[in-house]
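Enquirer: A predicted structure for the sequence below; I have some questions about it.
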Amino acid sequence: MEAVLEVVKRTSTGKNENNRTRAAGQIPAVVYGAQKAGDAVAPVQVAVDPKPFMRILHSKSGLNTLITLKVPGEADARVLVKEVQLDPITHHPLHADFYRVNMDRKIQVTVPIVLHGEPRGVKVEGGILDFLHREIEVECLPAEIPNSIEVDVSGLGLNDAIHLRDVAQGVTWTPITDGDTMLVHVVALRAVEEAAPGAEGAAAPAAAGTEPEVIKKGKTEKEDEKAEKKK
């Protein structure tokens, strides 16, 4: 999915300026990275209207939405959302980071798995569907980022499984996650009951914190290059 987002350029930075931006009903944000390899572009401070931004976050493609960012006085940029900081109570965005993408260079993104159908092993054989991995990491061009990876489980019988390699054929993306990764399988009900931990083995719930919640993507291509140089 692609979207268009208009933003307003900010001329100052800092905690106080961010608070003033929020008080005005906008989200402070920063645009990083270069549109083309070799370009040196300084980060751009912007303010974002929360309504269209939230529509993008809540769309099917979510953080993987390719956005045409319109900044007054600058050329339109193709960007992805790198990180969103949320208020821990209201979950309203407090800050966002965007990064420019090169449309001719592949990037790594995390994509959700979506299951379709009712397995034969559940409907007829009394098994339980065990959904092991709900997202995977893939590499692809920015314009070819899939909203989700569709997996048909209707043909699964008892003890049958679907691995990543089974759904990575004839697609425009390359799996970064190991192809042997089991995405879903059908198991007997007794096996599930035996594997369930007792009261003594149950982990205690973590205490609720008040720190801002952060939604992040994987590494950008630029960060990957820096990591390689350090090796």
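Expert: That came through fine. These figures come from a predicted structure and were not determined experimentally.
Enquirer: Tyr99 - how many residues pack around it?
Expert: Tyr99 has 22 neighbouring residues, counting by other C-beta atoms under 10 Å. Every residue, glycine included, has its C-beta placed from N, CA and C.
Enquirer: so it touches Val79, yeah?
Expert: Yes: applying C-beta atoms under 8 Å, one finds Tyr99 in contact with Val79, separated by 6.1 Å.
Enquirer: Mind listing the shared neighbours of those two?
Expert: Shared contacts of Tyr99 and Val79, defined by C-beta atoms under 8 Å, 6 or more residues apart in numbering, comprise Val31, Gly33.
Enquirer: Now do Val31 against Leu141, distance only.
Expert: 20 Å (C-beta to C-beta, to the nearest Å).
Enquirer: Between those two, which is the more surrounded one?
Expert: Using other C-beta under 10 Å as the criterion, Val31 and Leu141 rank with Val31 on top: 23 against 16.
Enquirer: Endpoints of stretch 81-91, how far apart?
Expert: For stretch 81-91, the first-to-last residue distance is 17 Å (C-alpha to C-alpha, to the nearest Å).
Enquirer: now do stretch 17-31
Expert: Chord length of stretch 17-31, first to last residue, is 16 Å (C-alpha to C-alpha).
Enquirer: quick one, helices of this structure?
Expert: For the chain, the helices defined by DSSP state H cover 15-23, 50-57, 120-123, 164-167, 189-195, 221-230.
Enquirer: Least reliable of those by average pLDDT, please.
Expert: Mean pLDDT across those is lowest at helix 221-230; the value there is a mean of 49.
Enquirer: how about low-confidence regions in the chain?
Expert: Within the chain, the ranges that satisfy pLDDT under 70 run 35-40, 191-212, 217-231.
Enquirer: and this structure, what are its domains?
Expert: The chain resolves into domains spanning 2-103, 107-195 when parsed by automatic domain parsing.
Enquirer: so which of those domains gets nearest Glu213?
Expert: domain 2-103 (4.3 Å; C-beta to C-beta).
Enquirer: From the chain's centroid, how far away is that closest one?
Expert: Put simply, domain 2-103 sits 15 Å off its chain's centre (C-alpha atoms, centre = their mean, to the nearest Å).
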